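In: A structural model of the following input is requested.
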Amino acid sequence: MASDDQKRKHLHEKVDADLVFTLEEAGVPLAAQYDLCLQYPSVRRFAAMADSKAELRSALKADLRIDPDAGGAQRATMASLVTAWQACCDMAEKERQQRSEAKVLGVPRVLSYTDRNAMLHAYERSYGHLEDREQPSSDYVALKVEEIEQGELLASALDEVGSKDEALTLSVQSSVDASGRLRVTRERKKSSSRRTPRSCGPSCAWKLRP
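Out: Below you'll find the predicted structure:
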């Protein structure tokens, strides 16, 4: 049987950070997190585990041997897993919608609160705490995530690297030209700070994990 340290190591190294974050937020005990994630290491896979809460409870009872009739602790574990499953279903559906909208507009998808915090917590578990000024902006992280998913990670210009307090949003504007054609233009806000490779260091401290 795996020790608590081994379970945490497995969750950290083998399971998607957004799923671990969601399970922790829902209050799922470590043992149940570990047992679940051996078979369901991602939000999308966990969300697809069942089509209803009733089906989910039956599956959890059969697969993880969680019996709500066995006492309060077991009922609480079941309730926390159902809560996490519902959150994962909502996240998976929202991600599908965001990906579709982003693909149509040709812009990176919006980075959700859960995704950002999951990546931050995963980083801090390995490398230590980051101050706000050391955390990159959500827009910058969303762009890098998009590039990683497409296998085209590129170096950004220094004026495109901003901290958490800066919003470097890619704006989309439409207009109609003289011939009646619709034109769509994209423009990214530049960082207001004057940056050099040395001064940019803290803002680049966050290493993205796939």
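
In: which positions within the helix ranked longest in the chain qualify as buried?
Out: The longest helix of the chain (DSSP state H) is helix 72-105. Using 16 or more other C-beta atoms under 10 Å as the burial criterion, the residues of helix 72-105 that qualify are 74, 77-78, 80-85, 87-89, 91-92, 95, 98. C-beta coordinates here come from the backbone N, C-alpha and C atoms, glycine included.

In: and it, average pLDDT?
Out: Per-residue pLDDT over helix 72-105 has a mean of 88.

In: which parts of the chain are strands?
Out: Taking DSSP state E, the strands of the chain run over residues 170-176, 182-188.

In: what's the longest helix of the chain packed up against?
Out: Contacts defined by 3 or more C-beta pairs under 8 Å, 6 or more residues apart in numbering; DSSP states H and E place helix 72-105 against helix 17-25, helix 30-37, helix 43-47, helix 53-63.

In: starting at the chain centroid, how far to the second one?
Out: Which is helix 30-37. In this view, helix 30-37 has its centroid 19 Å away from the chain centroid, taken as C-alpha atoms, centre = their mean, to the nearest Å.

In: over to the last one?
Out: Distance, stretch centre to chain centre, for helix 53-63: 25 Å (C-alpha atoms, centre = their mean).

In: which other residues reach it?
Out: Helix 53-63 is contacted from outside by 39, 49-50, 66-68, 78, 81-82, 85-86, using C-beta atoms under 8 Å, 6 or more residues apart in numbering.

In: JSON lines for those residues, including distance to Leu23?
Out: Putting the contacts of helix 53-63 into JSON lines (distance: C-beta to C-beta, whole Å) gives the following:
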{"residue": "Gln39", "distance to Leu23": "14"}
{"residue": "Met49", "distance to Leu23": "13"}
{"residue": "Ala50", "distance to Leu23": "16"}
{"residue": "Ile66", "distance to Leu23": "14"}
{"residue": "Asp67", "distance to Leu23": "20"}
{"residue": "Pro68", "distance to Leu23": "18"}
{"residue": "Met78", "distance to Leu23": "13"}
{"residue": "Leu81", "distance to Leu23": "8"}
{"residue": "Val82", "distance to Leu23": "12"}
{"residue": "Trp85", "distance to Leu23": "10"}
{"residue": "Gln86", "distance to Leu23": "12"}
